[in-house]
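>>> Generate a structure from the sequence data that follows.
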Amino acid sequence: MTPCLLTLAPLTTHYLLTTYYPSPPYSITVRLTFTAKLHYSPTPLPFYPSTPLPPMPSLQTCPAFTPAQMAEFQAQGYLMLKNALTQEQVDEIVERLDPLFNTQFETGIYPDEWSGRPGLSQPNATRQMTGMWRCDRTVAKYSLSGEIARLNAELMGWDGGRYGLDVCWIKPPNAPEVAFHRNNTYVEAINPSSIITCWIALSDCTAEAGTLEVVPASHHWNCTDTVRFLHAPRDDYRAPLVQAAEEAGVDSFEAIPIEMAPGSAVFLHGNLWHGSGRNRTENQTRRSFAVSTLPMQAEFRPPGMGKGYIFDRYRRMGRLDVDESYYPMLWRSDGYRTPFLADYCGEGWLGGETRFIASLRLSLIYLYSHLPMHSAYVCTNTSPC
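Just a heads-up that it's a prediction; the model follows:
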């Protein structure tokens, strides 16, 4: 049955759109006049976007890991995956790095951690940034990717995973080492203190350029680790690894460099010992990006138990639950995903519209969908009625 429409007089709304800049003129405000026609009928009308939205960036993989891949990860503590991202996706992330390190934050929000600033740090200092998704929505598409979270969670045998950390590293020529460590050590404030990381190469990561080094099967070692400053250690960057091996009673071990082409990834168990050597090249900058996932049931330990200063700043007074506003649920086996991600990451039904026009459309739908016994249908000049 075709619903009968009643057309009302055009609705005109005025909006102020302000764009902020890090330098003069600092901000520009534009007054927009928006006119729409409103139709309503006794029967609900479907809303159709003007054009389909490209899918959220995801790993170029098969739907699930094979049993052999799962077994390899459990035995070795890491798993390599070639061509996880396309070159286009790699370029999209890399293009955002220089603006971010030059304090050009799209959202106006600063990262959780930030070191190696142009003009302030030594030329060979490793640049590192954590909490990038809050600063830049392009990077957020990858940091908050449901596909990356799904693969991370499935390797760990979890039914769901939430955002834990996102980190990028830029190691210029002659950049120093990064001390060996285990990632679980840095999430002790969370219960359970378990994390898995998808580490993605954004450049040719070679042994000479100081690529990631891992010790196979070291996630099985019965040993301890401690929070330490990882960049440019004064002692041998493998010293923590040697100490851990002695504590675990391991007589011999081998640190293997993980050499990868841009777009390839390696998944790291949270207890796997890893680090990286000096960039010994003269003209190669090593770039990488990592997304770490927490189990869906993660919560805070009571205050004072465990270290994790980045996590601790997002505690809520008198509560141990982890707020999805800061640590959203990225994937769950029942299909749930934190609702705000659909708009923030540019996914969902908003079609090819700009986010601004889409927000106007949504506002009008909301305002007029509350007419008794009627449903609203809003038409704009971005899509024919």
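>>> ok, now which ones touch the most centrally placed residue in the chain?
Nearest to the mean C-alpha position of the chain, by CA atoms, centre = their mean, lies residue 143 at 1.2 Å. Shown in contact with residue 143 (CB atoms under 8 Å, 6 or more residues apart in numbering): 132-133, 163, 166, 291. For glycine as for every other residue, the C-beta is placed from the backbone atoms N, C-alpha and C.
>>> Find the pair from the residues you listed with maximum spatial separation.
Pairwise distances across the contacts of residue 143 (CB to CB) peak at 11.3 Å, for the pair 132 and 163.
>>> if we can go back for a sec, tell me the one of the contacts of residue 143 nearest residue 152?
residue 291 (7.5 Å).
>>> other SSEs contacting the helix or strand containing that closest one?
If you go by DSSP states H and E, residue 291 is part of strand 286-295. Strand 286-295 sits against helix 87-101, helix 137-143, helix 146-156, strand 160-171, strand 196-201, with contacts defined as 3 or more CB pairs under 8 Å, 6 or more residues apart in numbering; DSSP states H and E.
>>> List the neighbouring strands of it plus their orientation.
When pairing is defined by DSSP bridges, strand 286-295 lines up against strand 160-171 (antiparallel), strand 196-201 (antiparallel).
>>> now those as JSON lines including mean pLDDT, mean neighbour count and distance to residue 262?
Shown next, in JSON lines, are the strands paired with strand 286-295 (pLDDT from 0 to 100; neighbours: other CB atoms under 10 Å; distance: least, CB to CB, whole Å):
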{"stretch": "strand 160-171", "mean pLDDT": "96", "mean neighbour count": "24", "distance to residue 262": "14"}
{"stretch": "strand 196-201", "mean pLDDT": "98", "mean neighbour count": "25", "distance to residue 262": "6"}
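>>> could the ones you listed be laid out in TSV, adding distance to residue 126?
As requested, the strands paired with strand 286-295 are exported to TSV (distance: least, CB to CB, whole Å):
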stretch	distance to residue 126
strand 160-171	5
strand 196-201	15
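>>> Looking at these, which is nearest to residue 316?
Using CB to CB, those put strand 160-171 closest to residue 316, at 15.5 Å.
>>> and the angle for the closest one with helix 146-156?
110 degrees (axes from the mean of the first three to the mean of the last three CA atoms, to 10 degrees).
>>> Just the CA trace of strand 160-171, in PDB.
The C-alpha coordinates for strand 160-171 follow below in PDB (Å, rounded to 0.1, in the frame of the first residue of the first chain):
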ATOM      1  CA  GLY A 160      34.100  -9.200  22.100                       C
ATOM      2  CA  GLY A 161      36.700  -6.500  22.300                       C
ATOM      3  CA  ARG A 162      36.800  -2.800  23.200                       C
ATOM      4  CA  TYR A 163      39.300  -0.100  22.300                       C
ATOM      5  CA  GLY A 164      42.500  -0.300  24.400                       C
ATOM      6  CA  LEU A 165      45.200   1.900  22.800                       C
ATOM      7  CA  ASP A 166      46.200   3.300  19.400                       C
ATOM      8  CA  VAL A 167      49.800   4.200  18.900                       C
ATOM      9  CA  CYS A 168      52.000   5.400  16.000                       C
ATOM     10  CA  TRP A 169      55.800   5.400  15.900                       C
ATOM     11  CA  ILE A 170      58.100   7.300  13.500                       C
ATOM     12  CA  LYS A 171      61.700   6.300  13.700                       C
END
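>>> which SS state does residue 213 fall under?
Applying DSSP: H, G, I helix; E, B strand; the rest coil to residue 213 yields a three-state assignment of strand.
>>> Could you find the closest non-adjacent residue to it?
Among residues not flanking residue 213 along the chain, residue 255 sits closest, at 4.5 Å (CB to CB, 6 or more residues apart in numbering).
>>> I'm done for today, thanks for sticking with me.
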